[in-house]
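Q: Have a look at this fold, sequence not included:
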């Protein structure tokens with residue numbers, strides 16, 4: 001009798017193990033929820049883009065936005081080898 005039962009269980013293993021695993025998982029989940037209690041609601045966090053925008057606004061708040069570096073001054077910081085390669089008169 002046992003051999004017939006084991007043969008049937010072995011051939012139908014996927015159909016037997018999934019419901020058993022589901023019930024064991026459900027019972028374990030409910031026990032853990034009962035013992036620990038419901039988790040507190042998560043605090044509302046700002047997204048990364050919102051945090052970045054706020055940080056940028058704080059950085060800008062202390063600066064005078066009317067004083068800007070001119071484009072001619074910015075070119076001085078670029079490597080000379082790149083900008084003056086085709087202009088020998090400037091080298």
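A: Now that the structure is in, tell me what you want to look at. Model, not experiment: these values are computed from the prediction. Numbering: from 1, shown residues only.
Q: how close does residue 68 get to residue 53?
A: 21 Å (Cβ to Cβ, to the nearest Å). The C-beta positions use only the backbone N, C-alpha and C, and glycine is treated the same way.
Q: same check, this time on residue 29
A: Residue 29 sits 39 Å away from residue 53, taking Cβ to Cβ as the criterion.
Q: number of nearby residues for residue 37?
A: 8 (other Cβ atoms under 10 Å).
Q: what's the longest helix in the chain?
A: Ranked by residue count, the top helix of the chain under DSSP state H comes out as helix 13-36.
Q: quick one: contacts of whichever helix or strand comes after that one?
A: Next helix or strand after helix 13-36 toward the C-terminus (DSSP states H and E): helix 48-61. Applying Cβ atoms under 8 Å, 6 or more residues apart in numbering, the contact partners of helix 48-61 are residue 46.
Q: gap between helix 48-61 and the chain center?
A: Averaged C-alpha coordinates place helix 48-61 at 19 Å from its chain's average position (Cα atoms, centre = their mean, to the nearest Å).
Q: cool, stretch 45-62 as well?
A: With Cα atoms, centre = their mean, you get 18 Å for stretch 45-62.
Q: avg pLDDT for that stretch?
A: On average, the pLDDT along stretch 45-62 is 89.
Q: Where in the protein is the helix or strand with the lowest mean pLDDT?
A: None of the helices or strands of the chain scores lower by mean pLDDT, DSSP states H and E than helix 80-83, at a mean of 61.
Q: centroid residue for this protein?
A: Residue closest to the average C-alpha location in the chain (Cα atoms, centre = their mean): residue 48, at 9.5 Å.
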